[in-house]
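> sequence? don't have it. structure:
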């Protein structure tokens, strides 16, 4: 296996860091070719955005997810995007640009890593789901075009997996995710028209177009942090735009389940064991396989 840690996306794309603590790093876990089966094998790829409310990046939604997709034949990449825990300067559009650089880097280096350049998926959890949703709908945003110029054409994912995602910045949002990304920290009664316009722009369901890639969405009815309505709003928008999707709402489970199994649980979080929702992972693999995300010999 090829393991490359902390690939500096800002340096790769010759962009100045917006501030010293900005992240923008990519970690690669790539399955090497072997003459024992085929020396010409190409693989689909998965780019992972862990959650954490744009305040931090969850370890539970990072490498365990990477190794699970590795076992299914994907080469995987995890993104260290900027968060407010490291600097209060981390706000939109910095994270969107870092997500765009991640997708563009993987596509531009498909030959290096023996990847299918048209089978690049993204997956995100909670706020990471918002970021995955953003790059799936805002890949042609002016901020991305300004930063990456002609390479902005490389930024559209070919599919997305959204796990208990924050989608909307309207009333049923997750307040911490919204305030961390936008820097707008006010009571609802104090929002200005300008604030509401920012929230509207960053509500993923309002940015869906017919060019949005196919999407797998899952959430739980009992999510007490990000209302399940977020996932439903995304499904509604995809329906209106005739974008293929799967939506799975499991009747049981709280927020932040990750793989729902022992690997992503601990003594302090026994509620992260949820066999009812655990099948989401296999369902996502099946969804992607049916879209052509399979190993090519």
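Received the coordinates, thanks. These figures come from a predicted structure and were not determined experimentally. Residues are numbered from 1 along each chain as shown.
> Do a quick rundown of the helices in the chain.
Using DSSP state H, the helices found in the chain span residues 9-12, 63-70, 94-108, 110-113, 127-137, 142-148, 175-182, 193-201, 229-240, 280-290.
> Compare those helices and report which one is nearest to residue 82.
Closest to residue 82 of the helices of the chain, according to C-beta to C-beta: helix 94-108, at 5.2 Å. C-beta coordinates here come from the backbone N, C-alpha and C atoms, glycine included.
> Who are the packing partners of the closest one?
Contact partners of helix 94-108 among helices and strands, from 3 or more C-beta pairs under 8 Å, 6 or more residues apart in numbering; DSSP states H and E: helix 9-12, strand 25-30, strand 43-49, strand 75-80, strand 115-125, helix 127-137, helix 142-148.
> again, only this time at 7 Å
Packing partners of helix 94-108 (3 or more C-beta pairs under 7 Å, 6 or more residues apart in numbering; DSSP states H and E): helix 9-12, strand 43-49, strand 75-80, strand 115-125, helix 127-137, helix 142-148.
> Let me see the contact set for residue 141.
Contacts here follow C-beta atoms under 7 Å, 6 or more residues apart in numbering; on that basis residue 141 touches residue 96.
> The chain should start at 49 in everything you say after this.
Renumbered: residue one is now 49, and that last one reads residue 189.
> Angles on the backbone of it, please.
Dihedral pair for residue 189: phi -60, psi 150, per degrees, to the nearest 10.
> Give me whichever of the helices and strands packed on helix 142-156 is most buried.
Per residue and on average, the most neighbours among the helices and strands packed on helix 142-156 fall to helix 175-185, with a mean of 30 (mean count of other C-beta atoms under 10 Å).
> what's the average pLDDT for that one?
Across helix 175-185, pLDDT averages out at 98.
> Go through the helices and strands packed on helix 142-156 and name the closest to residue 295.
Taking C-beta to C-beta, helix 175-185 is the member of these nearest to residue 295, at 13.2 Å.
> residues in contact with the closest residue to residue 213 other than its chain neighbours?
Among residues not flanking residue 213 along the chain, residue 177 sits closest, at 2.6 Å (C-beta to C-beta, 6 or more residues apart in numbering). Residue 177 makes contacts with 99, 210-214, as judged by C-beta under 7 Å, 6+ apart.
> give me that answer again for 6 Å
Taking C-beta atoms under 6 Å, 6 or more residues apart in numbering, we find residue 177 in contact with 210-211, 213.
> ok, back up a step: could you single out the most deeply buried of the helices of the chain?
helix 175-185 (a mean of 30).
> For the chain, give me the ranges with low pLDDT.
Within the chain, the segments meeting pLDDT under 70 span 316-317.
> Apply 80 and report the result again.
The model of the chain has pLDDT under 80 over residues 85-87, 314-319.
> Residue 136 versus residue 143, what's the distance?
Using C-beta to C-beta, to the nearest Å, residue 143 is found at 14 Å from residue 136.
> about what we covered before: okay, the helices of the chain in CSV with distance to residue 84 next?
As requested, the helices of the chain are exported to CSV (distance: least, C-beta to C-beta, whole Å):
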stretch, distance to residue 84
helix 57-60, 32
helix 111-118, 18
helix 142-156, 26
helix 158-161, 19
helix 175-185, 35
helix 190-196, 39
helix 223-230, 46
helix 241-249, 51
helix 277-288, 41
helix 328-338, 23
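> Tell me, how many residues neighbour residue 50?
When neighbours are counted by other C-beta atoms under 10 Å, residue 50 registers 12.
> List the beta-bridge partners for it.
residue 78 (DSSP bridges).
> For it, give its distance to residue 270.
The gap separating residue 50 from residue 270 is 40 Å, by C-beta to C-beta.
> repeat for residue 188
As judged by C-beta to C-beta, residue 188 and residue 270 stand 36 Å apart.
> repeat for residue 254
According to C-beta to C-beta, residue 254 stands 26 Å off from residue 270.
> for residue 147, same thing?
Residue 147 is 29 Å from residue 270, by C-beta to C-beta.
> same check, this time on residue 333
24 Å.
> next one: residue 319
Here the criterion is C-beta to C-beta. By it, residue 319 lies 10 Å from residue 270.
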